[in-house]
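J.: With the sequence up front, the predicted model follows.
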Amino acid sequence: MTAAYEDVPFSELLHHPAATARRLDAVRALRLRRRDAGDLALIRADQLAQDSTVVDFTARLLAGLVRTENIAALRQALPDALPWSVFLPEDDIEAMLGELADTARGAAALENLAPIALLLAQWRHSAEIYADPALHALLTREPAGDLGPVPVPVPEGETAE
């Protein structure tokens, strides 16, 4: 295999399914571009199984390192894996590592990587805020004055009187 993936119009799969599928002999996956919807990926089942094995191993390794309190090794490797993590305060790094280990373990068990991607995006946004002193000051300052009365919450399905 020479490339990780190749971009292919979705219509090519529809019009030439066998020839399009044979392209998987040269790449790991095909990214099927669609005009009116999100792109799709076409991957061989054995490749998906291999990728799942690696993700499961990585998640369990990460969780094991956190569980054995080998935080020093994780902290040392973290800037290589997540360069933006250098902007997070120490307490947040510890919290992120704990959340990441728990989420990775659960996501691997469910074979669903979306929770890991979401968690990493959330922590990255936090790092972006810490990296910008003006933005950090704006978001963490106390509001000036009284913000007025707070309406009583109405349970879902009921109407306010």
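T.: Nice, I can see it.
J.: can you give me the strands in this structure?
T.: Assigned by DSSP state E, the chain shows strands spanning 3-9, 27-33, 40-43.
J.: Ala109: which of those is closest?
T.: With CB to CB, the closest approach to Ala109 among the strands of the chain belongs to strand 40-43: 20.9 Å. Yep, even glycine has a C-beta here, placed from its N, CA and C like the rest.
J.: And the closest one, what does it pack against?
T.: Packed against strand 40-43, as judged by 3 or more CB pairs under 8 Å, 6 or more residues apart in numbering; DSSP states H and E, are the following elements: strand 27-33.
J.: Tell me what angle the strand it packs on forms with strand 3-9.
T.: 30 degrees (axes from the mean of the first three to the mean of the last three CA atoms, to 10 degrees).
J.: Strand 27-33 pairs with which strands, parallel or anti?
T.: Strand 27-33 sits in its sheet next to strand 3-9 (parallel), strand 40-43 (antiparallel), going by DSSP bridges.
J.: residues touching Leu78, list them.
T.: By CB atoms under 8 Å, 6 or more residues apart in numbering, the contact list for Leu78 reads 85, 93, 97.
J.: Which single one of these is nearest to Asn70?
T.: The shortest approach to Asn70 among these belongs to Leu97, at 10.4 Å (CB to CB).
J.: Could you measure from the nearest residue to Ala73 once chain neighbours are set aside over to Ala19?
T.: Sequence neighbours aside, Leu65 is the residue nearest to Ala73 in space, at 6.3 Å (criterion: CB to CB, 6 or more residues apart in numbering). Using CB to CB, to the nearest Å, we find Leu65 at a distance of 45 Å from Ala19.
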